[in-house]
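**Q** this is a predicted model, with the sequence first.
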Amino acid sequence: MMKTEGKQNLEAQGSLALAYTSEENRVLDPELLDKTAMERLPTPTGYRVLVMPYKGKAKTEGGIILTDETRDRNALATVVCYVLKLGPDCYADSDKYSQPYCKEKDWVVIGRYAGGRFKIEGAELRLLNDDEILATILDPDDIAHV
């Protein structure tokens, strides 16, 4: 599939799906989330965290181009997500948390099947409890699926 055809398919799905690029570098580019798409995302209530799973690169280091189906399966079982929004009570319990585990715009590690899954405009999102964040990381490609 040509690059322009892939972009047209994504545009047909909606602006949230445009955050997933088909470039070799990073499949989820948070900078591509336009403000109106961010405003339309659900606002987490209480101690919940809204995250977007990382699909991984579209092309392996060996040059193999992965199918959309393969990347979707990777996103389903991924343990790496990008934090979009935090609920108002996240990490507010000083008896339980000495400091927040994460903040908006962090890359985080979560349990493989943690959170409630749903799609908006073709993009999968998850709502997690604040204590389901296991770690923060700098680069999502540092974590391999096992």
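**A** Happy to help now that I have it.
**Q** make it CA atoms for all contacts and neighbour counts henceforth
**A** OK.
**Q** now do the SS call for the spatially most central residue of the chain.
**A** Nearest residue to the geometric centre of the chain (C-alpha atoms, centre = their mean): residue 52, 2.2 Å. Classification of residue 52 by DSSP: H, G, I helix; E, B strand; the rest coil places it in strand.
**Q** what's the burial count for the residue nearest to it when sequence neighbours are not counted?
**A** Once flanking residues are discounted, residue 52 sits nearest to residue 125: 4.7 Å by C-alpha to C-alpha, 6 or more residues apart in numbering. By other C-alpha atoms under 10 Å, the residues close to residue 125 number 21.
**Q** does residue 125 touch residue 49 like I think?
**A** No: the criterion here is C-alpha atoms under 8 Å, and residue 125 misses it with residue 49 at 10.4 Å.
**Q** follow-up on the earlier one: residue contacts, the residue nearest to the centre of the chain?
**A** Shown in contact with residue 52 (C-alpha atoms under 8 Å, 6 or more residues apart in numbering): 81, 82, 83, 84, 123, 124, 125, 126.
**Q** bridging residues for it?
**A** Beta-bridge pairing of residue 52 under DSSP bridges involves residue 82.
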